[in-house]
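1. when you get a sec, could you give me coordinates for this:
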Amino acid sequence: MNWLNELYKKNQREPQKEIERSMVNAIFRIYDRFPRFGLRERIGQQEMSLDIADAYIHGHHAMIEAGVGIGKSFAYLIPSLLTNQMSQKPVIIATSSIQLSEQIHKDLRIIGSRLGFSTVRSVVGKGMGQYACRSRAAELIRSDDPNPSGSPLAQRILDYEIDERADIKAGVSDAEWSHVSVNDCKFERCQHKNACLFYDMRAKLNAKAHEIDFIIVNQDLLIRDLMKKKEGTKRIISEQPALIVIDEAHNLEAKVRDARTLEFTYRGICRVLDTTVQLLTKQSGDKGLFSQSNFIKKCVRHIFKQVNVDLLHHAKQDNDRIKVSEIKGIPLNQALSDLKDFSLRLSILTSRHEREIDDAFEAINGLIALIHVLIEKEDNYLLWASSPFGAATISICPKDISQFLKYALFNDKVPVILTSATLCQGGDTLEEQYAYLAHSLGYTGEFMDRKSSPFDYTNHAMMYISNNVPYYDHDQRENYVEAAYKELVELCNLTHGRTIVLFSAKEDMKYIHQKLISRGSENTWAVHVQKEGSSQDSVIAEFRKSKGVLLGTGVFWEGVNIEGSDLSQIIIFRLPFPVPSDPVYEYKASVTKNPFMEVFVPDMLLRLRQGTGRLIRSETDLGILSILDSRLSAAAKKNYREQVLDTLPFKNMTESLEVLEKFVQKKGIGRAD
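-> Predicted structure coming up:
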């Protein structure tokens with residue numbers, strides 16, 4: 001395809017109008033040749049490619065909702081390949097998960113080779129926590145008191161069996177992996193760097209513009225790069241992209257908040273203080289630093305003693321974010337003064353251990369920010385406690401993340417494309433439909449026409465809303481769970497398994513799992529439950545093989561793609577409203593006039609749309625969506641019911657199990673293959 005090689009030459013010598021014509025013609029030519037390449041164009045796909053081309057040519061941002069089934073990855077990869085060809089600058093694609101990053105990388109290879117592009121140089125960038133660290137593994141093996149469960153894993157890493165977490169097919173717990181994953185990398189000074197995938201990946205991410213074509217990262221890594229840009233420090237990712245595409249952009253707000261959240265544990269703070277004192281005393285010999293450090297540790301120990309009490313009384317599950325009660329009786333002002341002294345000393349310290357000094361300086365300043373928040377000298381941060389790995393953790397995060405994105409991402413000259421299958425709410429105009437996310441993200445740019453799913457939901461699917469289960473109330477949770485469980489069993493029998501049940505609370509999932517297991521042989525289908533860790537490939541494979549029932553939360557609400565009759569039903573156990581007492585949502589609610597309709601319903605809808613999108617994944621798929629939360633039934637008369645029904649693609653709806661059963665029988669849903 002020699003005409004592709006002409007694009008770069010034209011970009012160097014022709015005016016904008018001619019460049020636009022060349023690029024548009026190239027897109028049309030590519031889609032015209034789809035059948036020849038064994039590809040099939042989807043409705044809305046070409047329009048989306050043209051929208052992105054227009055954004056690149058005219059230098060504006062674009063927000064595009066791309067419904068399930070239009071092939072959005074190909075829709076943005078085609079103009080991205082052309083953009084890279086014309087500009088000779090890399091395209092950055094940011095996704096919300098490692099699995100999606102890997103899939104985009106595969107799609108890029110497929111489409112690049114079939115469409116005749118020369119070798120596309122690309123890299124998949126992941127967070128350091130996904131990579132094995134041979135330096136840490138060696139330390140664990142050498143330790144006098146090695147972690148008994150971590151030692152075999154460490155040895156496999158040293159034997160080059162494992163380079164990253166995904167290499168462990170059977171999965172590994174977060175706690176076990178945390179002992180051997182990359183943390184505080186030594187980079188150039190590490191003796192294992194030549195055989196380290198993390199080191200190699202980071203080098204490619206920061207390659208010069210002409211040395212790399214596509215940089216595929218998760219959103220976390222892109223956000224960390226933007227933070228470094230804001231701070232004026234060395235960037236992680238190439239600083240000269242031609243285009244940035246953010247896929248699954250409905251997750252961007254939460255990802256930014258997570259990235260800008262500082263987390264503190266007692267052991268972590270002690271480790272920072274020990275490192276700081278070690279660095280400072282090596283040069284100054286000031287033994288008084290040890291007493292300062294011990295005083296700060298004593299204050300911190302008292303803080304975490306109180307936080308543990310807060311967690312014991314208020315946290316229902318490990319990942320719950322709870323308020324931290326007022327800190328009393330601890331001389332935090334003196335601790336703050338000592339920390340500021342450490343910060344000043346580190347700022348003027350000179351040593352060959354420059355990276356360690358920078359890391360210590362950043363960590364000490366984080367502690368200073370925490371103390372400021374605890375003594376209420378800083379009002380622009382949210383504060384909460386949790387215990388994600390069984391250890392009490394205090395977190396602080398800026399209240400308003402939209403301003404950060406507005407200035408670090410959307411004020412730049414590089415065009416940014418935001419896309420997902422779930423960006424919109426109800427509304428008469430595009431501005432109204434995109435308003436919730438646009439406001440949350442500080443977005444300034446164009447809103448493009450929504451590209452609807454081409455799938456036939458009317459004839460291929462039915463939505464069932466229960467009106468038998470009591471309305472959910474946390475104080476009466478057991479009544480709800482028991483009633484929902486009975487209906488869940490009936491629904492799973494209706495489709496002979498082949499069901500994924502989505503939960504918004506782990507405690508509900510664990511309860512139902514135990515109930516189903518206790519039934520034993522009464523179940524005519526196998527029962528599977530989500531595994532701990534980031535990869536769920538093995539449990540999904542088991543589910544598909546058995547055609548049973550899979551219970552999941554978190555990652556199962558999105559990213560799961562099971563086509564065909566292996567999956568015939570999605571059950572929403574409870575509408576995924578955010579927890580009102582969560583400090584983040586409490587803050588978001590405090591700055592709106594109608595918190596329920598402006599924050600809680602839109603947030604619930606985004607997640608509900610993601611979950612329900614797991615059901616129909618191809619033109620021939622058949623299935624039922626069952627919602628056990630009777631707050632959505634007609635009898636409940638909730639003011640958000642119509643908004644939910646209008647937003648979901650399921651137009652064939654019933655509250656009758658008899659009607660649902662007739663639909664299942666008529667369509668042959670759940671019938672043996």
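
2. so where's the longest helix in the chain?
-> Looking across the chain with DSSP state H, the single longest helix is helix 288-314.

3. just give me how far whatever helix or strand comes next after that one sits from the chain centre.
-> Past helix 288-314, further along toward the C-terminus, the next helix or strand under DSSP states H and E is helix 332-347. Distance, stretch centre to chain centre, for helix 332-347: 35 Å (CA atoms, centre = their mean, to the nearest Å).

4. list the contacts for the closest residue to L339 other than its chain neighbours?
-> Distance criterion CB to CB, 6 or more residues apart in numbering; nearest residue to L339, sequence neighbours excluded, is I368 at 5.0 Å. C-beta coordinates here come from the backbone N, C-alpha and C atoms, glycine included. Contact analysis of I368 by CB atoms under 8 Å, 6 or more residues apart in numbering lists 336, 339-340, 343.

5. turn those into TSV, including neighbour count, distance to K17 and pLDDT.
-> TSV is the format used below for those (neighbours: other CB atoms under 10 Å; distance: CB to CB, whole Å; pLDDT from 0 to 100):
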residue	neighbour count	distance to K17	pLDDT
L336	20	60	95
L339	25	58	96
K340	14	58	95
S343	18	55	93
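
6. which ones are touching H302?
-> Contacts of H302 (CB under 8 Å, 6+ apart): 329-330.

7. look up how far G116 lies from it.
-> 67 Å (CB to CB, to the nearest Å).

8. now I624
-> Distance from I624 to G116, by CB to CB: 43 Å.

9. which one's more surrounded, these two?
-> Set I624 next to G116 and count neighbours by other CB atoms under 10 Å: I624 wins out with 27 against 14.

10. show me where the stretch 151-300 of the chain has its strands.
-> Taking DSSP state E, counting those that start in this stretch as the criterion, the stretch 151-300 of the chain contains strands spanning 214-218, 243-246, 262-264.

11. list the pairing partners of the second one within its sheet, with orientation.
-> Strand pairing for strand 243-246, using DSSP bridges, gives strand 91-95 (parallel), strand 416-420 (parallel).

12. again with the longest one
-> As defined by DSSP bridges, the strand partners of strand 214-218 come to strand 91-95 (parallel), strand 122-125 (parallel).

13. between these, which one is nearest to S565?
-> Of all the strands paired with strand 214-218, strand 91-95 sits nearest to S565, with 28.4 Å by CB to CB.

14. before we move on, the earlier item: in a strand, the residue nearest to L339, correct?
-> No - assigned with DSSP: H, G, I helix; E, B strand; the rest coil, I368 falls outside any strand and is helix.

15. confidence score at it?
-> Reported pLDDT at I368 in the predicted model: 95.

16. quick revisit: pick the one among the contacts of I368 closest to I296.
-> When the contacts of I368 are ranked by distance to I296 (CB to CB), L339 comes first, at 6.6 Å.

17. shouldn't that closest one be in contact with A363?
-> No - L339 sits out of contact with A363 when judged by CB atoms under 8 Å, with a separation of 10.3 Å.

18. return the residues in contact with Q45.
-> Counted by CB under 8 Å, 6+ apart, Q45 has contacts 31, 70-72, 74-75, 451.

19. A209 too?
-> Contact partners of A209, counting by CB under 8 Å, 6+ apart, are 88-90, 238, 240.

20. same question for M227.
-> M227 touches 259-260, 408, counting by CB under 8 Å, 6+ apart.

21. quick one: which of those residues is nearest to A132?
-> Closest to A132, out of all of the contacts of M227 and judged by CB to CB, is A259, at 22.5 Å.

22. check what pLDDT that closest one gets.
-> Per-residue pLDDT puts A259 at 89.

23. mind listing which of the contacts of M227 are in helices?
-> Among these, the subset assigned to helices under DSSP H consists of A259.

24. how near is the residue nearest to L339 to Q130?
-> I368 is 30 Å from Q130, where distance means CB to CB.

25. now E253, nearest residue through space, not along the chain?
-> Here the nearest residue to E253 in space, its sequence neighbours aside, is S440; by CB to CB, 6+ apart that works out to 4.7 Å.

26. quickly list the domain ranges of the protein.
-> Domains of the chain are assigned by automatic domain parsing as 2-126+205-258+403-447, 132-195, 262-398, 457-667.

27. surely I212 touches K204?
-> Yes - using CB under 8 Å, I212 is in contact with K204, at 6.1 Å.

28. ok and the host helix or strand of L382 relative to helix 288-314, angle-wise?
-> Assigned by DSSP H and E, L382 falls within strand 381-386. Interaxial angle of strand 381-386 relative to helix 288-314 (axes from the mean of the first three to the mean of the last three CA atoms, to 10 degrees): 70 degrees.

29. just the CA trace of strand 381-386, in PDB.
-> Taking Å, rounded to 0.1, in the frame of the first residue of the first chain, the C-alpha atoms of strand 381-386 are listed here in PDB:
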ATOM      1  CA  TYR A 381      -8.000  17.200  50.800                       C
ATOM      2  CA  LEU A 382     -10.300  14.300  51.600                       C
ATOM      3  CA  LEU A 383      -9.200  12.000  54.400                       C
ATOM      4  CA  TRP A 384     -10.200   8.400  55.100                       C
ATOM      5  CA  ALA A 385      -9.100   5.100  56.500                       C
ATOM      6  CA  SER A 386      -9.400   1.500  55.100                       C
END
